[in-house]
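S.K.: got a predicted structure plus its sequence, pasted below:
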Amino acid sequence: MGASRLNLLHKHEDAHDDALWCTTWVPNNSQCITGSVDECVKVWTVQDEAPAVENSHTYTSHTLGVVSVTVDPTGTFAASSALDSFIRVWNLQDSSTKAVIETPPSETWQIKFQPQSDSLIIAAAGGSSSKVVLWDVVDTQARGHLGIPSADEKHKREKFVLSVAFSPDGKRLACGVMDGTVALFDVPSGQLMHTLTGHHKPVRDVCFTPDSRMLLTACDDMHAHLYDVEHASLIEAFSGHESWVLSVACHPGGSSFATGSSDAKVKLWDLQTRTCAQTLSDHTDQVWSVAWQTDGTRLASASDDKSVALYKLS
């Protein structure tokens, strides 16, 4: 993996009518999903030969910009959250609506489906409510509230929850907070395990390594961090971006990770040597989201320049 490099497969200009804020892949599939300020969610079929990217479906139910997209582990259902305070869930097979969850204003940001679960549960970063809410898709009821302790009302504002991720084994949940901390919860008990420190600005994105033992973070302080989950210790701080680090995604093989930044760059990092292996400059504006295909062969990046870039890992 040390010598692996990302090669641009295709940059789809004007993938949306406005900035792209999020992207994800359908598990075990060559479909990529993007969400945009233009209020649309698009499903793309990706292949190595021309046409490399084809828009297979567009969802237009949101009334404000789409901030997050996620797909359940089976690849059956996709969900999106938007600034209109709705989480919308639909069936990817027939495009029918599965659920519509209405949340209070400014309380739904990044969303993720729970892995290793018998029921369809979505974790939503709760923004101004200073918590993560676990929503049951079937009956659209809240099944749990994982709250972040704050000393008082003033400090509560700093506990705005921006990002959320489940560990692949489903046992842990991490959320990135506006004040630079990361809260780590035990999912079965709902208890706060650790508060990870080291950043001093908003933590925009979080993701676990495939073995669930380490956590990667993306922060406005221009750094990505690697933490030991069990011991709540900072293993490494990665510097190199020239502006906010907005997104982070660990390779499914666990040996590398990618970051996207408001410096318009995508970087590939080697986890063994803990160095930057490659810097990609194909975007012309900030990169809000990076995501690996589940087999690790492709990376997608979504940007304010209205494009989605697709890379093949050599």
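M.R.: In hand now; what should we look at?

S.K.: only C-alpha atoms for contact and neighbour calcs from this point on.
M.R.: Fine.

S.K.: what about the closest residue to residue 30 other than its chain neighbours, how many residues nearby?
M.R.: Nearest residue to residue 30 in three dimensions, chain neighbours excluded: residue 46, at 5.5 Å (C-alpha to C-alpha, 6 or more residues apart in numbering). Using other C-alpha atoms under 10 Å, the number of residues around residue 46 comes to 21.

S.K.: residue 145 now?
M.R.: Other residues within reach of residue 145, judged by other C-alpha under 10 Å, total 17.

S.K.: and the residue nearest to residue 30, what pLDDT?
M.R.: If you check residue 46, the pLDDT there is 94.

S.K.: bridged to it, which residues?
M.R.: residue 53 (DSSP bridges).

S.K.: ok, now which ones touch it?
M.R.: Residue 46 makes contacts with 30-32, 52-54, as judged by C-alpha atoms under 8 Å, 6 or more residues apart in numbering.

S.K.: same thing with residue 83?
M.R.: When contacts are counted by C-alpha under 8 Å, 6+ apart, residue 83 is found next to 64-67, 106, 108-109.

S.K.: so where does residue 73 fall, helix or strand?
M.R.: Using DSSP states H and E, no element contains residue 73; it sits outside every helix and strand.

S.K.: wait, doesn't it sit right on residue 25?
M.R.: No - here residue 73 does not reach residue 25: they are 10.6 Å apart, not a contact under C-alpha atoms under 8 Å.

S.K.: counting neighbours, go ahead and name the busier of those two.
M.R.: Using other C-alpha under 10 Å, the more surrounded residue of residue 73 and residue 25 is residue 25, with 25 against 18.

S.K.: is it true that the more buried one touches residue 35?
M.R.: No - contact between residue 25 and residue 35 fails when scored by C-alpha under 8 Å: they sit 12.0 Å apart.

S.K.: list residues touching both of those two?
M.R.: Contact criterion C-alpha under 8 Å, 6+ apart; no residue bridges residue 25 and residue 35 by contacting each.

S.K.: next SSE after the lowest-mean-pLDDT helix or strand in the chain?
M.R.: Considering only helices and strands, the least confidently modelled element of the chain by mean pLDDT, DSSP states H and E is helix 153-158, at a mean of 69. Towards the C-terminus, the helix or strand next in line after helix 153-158, according to DSSP H and E, is strand 161-166.

S.K.: now do the contacts for residue 242.
M.R.: 222, 263.

S.K.: does it count as helix, strand or coil?
M.R.: Three-state secondary structure (criterion: DSSP: H, G, I helix; E, B strand; the rest coil) places residue 242 in coil.

S.K.: count the residues that sit near residue 116.
M.R.: Considering only other C-alpha under 10 Å, residue 116 is surrounded by 13 other residues.

S.K.: for it, give me its contacts.
M.R.: With contacts defined as C-alpha under 8 Å, 6+ apart, the neighbours of residue 116 are 168-170.

S.K.: who wins for neighbours among those residues?
M.R.: By neighbour count, taken as other C-alpha under 10 Å, the most surrounded of these turns out to be residue 168 (19 neighbours).

S.K.: and it, how far from residue 207?
M.R.: 10 Å (C-alpha to C-alpha, to the nearest Å).

S.K.: cool, residue 167 as well?
M.R.: With C-alpha to C-alpha as the criterion, residue 167 and residue 207 are 8 Å apart.

S.K.: what do those two both touch?
M.R.: Residues within reach of residue 167 and of residue 207 at once, by C-alpha under 8 Å, 6+ apart, are residue 174.

S.K.: who's the residue nearest to residue 196 when sequence neighbours are not counted bridged to?
M.R.: Taking C-alpha to C-alpha, 6+ apart as the measure, residue 196 lies nearest to residue 182, with 4.9 Å between them; neighbours along the chain are not counted. With beta bridges defined as DSSP bridges, residue 182 has these partners: residue 176, residue 196.

S.K.: what sits against residue 182?
M.R.: Counting by C-alpha under 8 Å, 6+ apart, residue 182 touches 174-176, 195-197, 203.

S.K.: re the thing from before, from the contacts of residue 83, which is closest to residue 132?
M.R.: The nearest member of the contacts of residue 83 to residue 132, counting by C-alpha to C-alpha, is residue 108 at 9.0 Å.
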